[in-house]
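>>> Generate a structure from the sequence data that follows.
(chains A, B, C and D)
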Protein chains: 2
Amino acid sequence: MSLSIAEVAERTGLSAHTLRYYERDGLMLGEVGRSASGHRSYTERELGWIELISKLRSTGMPIRDVKKYAALVRSGNGNERDRLALLQAHRERVLAQLAVVQQHLGAIEYKIGFYSDLLERDEDGALT
Amino acid sequence: MSLSIAEVAERTGLSAHTLRYYERDGLMLGEVGRSASGHRSYTERELGWIELISKLRSTGMPIRDVKKYAALVRSGNGNERDRLALLQAHRERVLAQLAVVQQHLGAIEYKIGFYSDLLERDEDGALT
DNA sequence: CTCGCCCTTAGAGCGTGCTCTAAGTCAAGC
DNA sequence: GCTTGACTTAGAGCACGCTCTAAGGGCGAG
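Modelled structure (predicted):
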C-alpha cells in the first residue's frame, strides 16, 4: 500500500511543496520511491518518519538538527547513544522554552486580569 | 533617572539594534527622549513597556500585533475593551500552541524512553 | 589634545523555512 | 483523440525578524 504526495500532505498537514523540500534538503531517510510515471509513492514507514520529523519541527527543532538526526538513523544501528543525546538535548531546550513561555504568559494574564477588573468596575459604574 | 540604550539592552536582553528597530517600526508608545548629544534616554516607563512587548514577542506575538497593541495604548483611554480582546486572543493562541508542543514533546519523550531502554538492555548484556 | 568608545542615521543584508513559478509529463475521463 | 488535473524538476521569491554597515558626532580618560 503506497501513498501519493497529496495523500501524505493531507495526513501530515504539510504541503506537497514542503514534502518535496524536506526530501531535497536531506530530511528523509533515503530516496522516496516512484511510480511507473515518476510520481512519488510513500510507504507507511516514510509516513511515520514524516510524522516524527514534523513533531520535531513543531517543537522547534531546526531543520539542521533534523538533518543530523536523519543522518544518524540512515546510517543504521550502532549510534543509538548519539540519537538519544540529540533527542534529550532537544527535550531540554523545549522544556526551558516552555518554562519561559509559561512565565511570560503569566505576566500577560496578569495584565488581562487588570483590564478585566477595570472593565467590570466600569460596567458596575454604568449600572448605578 | 534615565537609561542609555546600552543599559536598556542589558536589562531587557535585547540588542541596541533591536531597540532602535522597534522604535523605528512603531512598537514604542512615542518618540524616545534624547540627551543633549542626541543619544536616546529611556524612562522607567519606557523600560517597562519594552519588557512587556518583549514578553509578548517571546510568547510568539507577531510584530504586527504588537504594533496594534501599541497603537491602542498610545491612543489613550477608552479602548480598554480592544486591548483586552487583543491580549485574550493572544492568550488563546499561546495556550493552543503550548498544548500542541506538549503533546508532541510527549511523543518525543516516548522515543527517548525507547532508546534509553534499548541502551540500558545493551549495557546489561555487556556486563554478562 | 587625542584616543577610544559609544552613540547617531538610513538603508542594506541575512538566516530560516518555506512557498511559488515555469515548463513539461502522464493518466484518466469524456 | 483531447482535455483536465495532478504530478515532475530546478530554481526563484518571499515573509519575518532581526542584524549589520558605513559614515559620522560627541565625550570622558589620560
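
>>> which helices and strands does whichever strand or helix holds A:Gly106 pack with?
Per DSSP states H and E: A:Gly106 is located in helix A:80-127. Applying 3 or more Cβ pairs under 8 Å, 6 or more residues apart in numbering or on different chains; DSSP states H and E, one finds that helix A:80-127 makes contact with helix A:63-74, helix B:44-58, helix B:80-127. C-beta here means a position set from N, CA and C on the backbone, and glycine is covered the same way.

>>> Give me the distance from it to the chain's centre.
Counting by Cα atoms, centre = their mean, to the nearest Å, helix A:80-127 is centred 19 Å from the centre of its parent chain.

>>> Any idea which of the helices and strands packed on helix A:80-127 gets closest to B:Glu31?
helix B:44-58 (10.3 Å; Cβ to Cβ).

>>> quick check, the closest one touching DNA strand D?
Yes - with Cβ under 7 Å from any atom of the strand as the criterion, DNA strand D is reached by helix B:44-58 at B:Arg57.

>>> Please apply the same query to stretch A:14-24.
Yes - for stretch A:14-24 and DNA strand D, the contact criterion (Cβ under 7 Å from any atom of the strand) is met by A:Ala16, A:Arg20, A:Arg24.

>>> Can you flag which of those belong to strands?
Among the residues of stretch A:14-24 next to DNA strand D, no member is found in strands (DSSP state E).

>>> With respect to A:Leu119, which of the residues you listed is nearest?
Relative to A:Leu119, the closest of the residues of stretch A:14-24 next to DNA strand D is A:Ala16; by Cβ to Cβ it sits at 46.5 Å.

>>> which one is the most centrally placed residue in chain A nearest to, not counting chain neighbours?
For chain A, A:Ser58 is the residue whose C-alpha lies nearest the centre (Cα atoms, centre = their mean; 2.1 Å). In this structure, A:Ser58 finds its nearest non-sequential neighbour in B:His104, 5.3 Å apart by Cβ to Cβ, 6 or more residues apart in numbering or on different chains.

>>> List the contacts of that neighbour.
Counting by Cβ atoms under 8 Å, 6 or more residues apart in numbering or on different chains, B:His104 touches A:Lys55, A:Leu56, A:Ser58, A:Thr59.

>>> so how far does stretch A:49-68 reach from one end to the other?
One end of stretch A:49-68 sits 14 Å from the other (Cα to Cα, to the nearest Å).

>>> If we go by neighbour counts, what in that stretch is buried?
A:49-57, A:59, A:61, A:65-67 (16 or more other Cβ atoms under 10 Å in any protein chain shown).

>>> got it, and stretch A:6-19?
A:Val8, A:Ala9, A:Thr12, A:Leu14, A:Leu19.

>>> does the residue nearest to A:Ala70 when sequence neighbours are not counted sit in a helix, a strand or a coil?
Leaving out its chain neighbours, the residue that sits closest to A:Ala70 by Cβ to Cβ, 6+ apart is A:Leu27, at 5.4 Å. Each residue gets one of three states, and A:Leu27 gets coil by DSSP: H, G, I helix; E, B strand; the rest coil.

>>> pLDDT averaged over the helix holding A:Gly106 - what is it?
The average of the pLDDT scores along helix A:80-127 is 93.

>>> hmm, it touching DNA strand C?
No - using Cβ under 7 Å from any atom of the strand, helix A:80-127 stays clear of DNA strand C, coming no nearer than 12.3 Å.

>>> Report the backbone C-alpha coordinates of stretch A:18-26 in CSV.
The C-alpha trace of stretch A:18-26 is given here as CSV (Å, rounded to 0.1, in the frame of the first residue of the first chain):
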residue,chain,number,x,y,z
THR,A,18,7.2,21.2,1.8
LEU,A,19,7.4,17.4,1.4
ARG,A,20,9.5,17.8,-1.7
TYR,A,21,11.6,20.4,0.0
TYR,A,22,12.3,18.1,3.0
GLU,A,23,13.3,15.4,0.6
ARG,A,24,15.6,17.6,-1.4
ASP,A,25,17.1,19.0,1.8
GLY,A,26,18.1,15.6,3.2
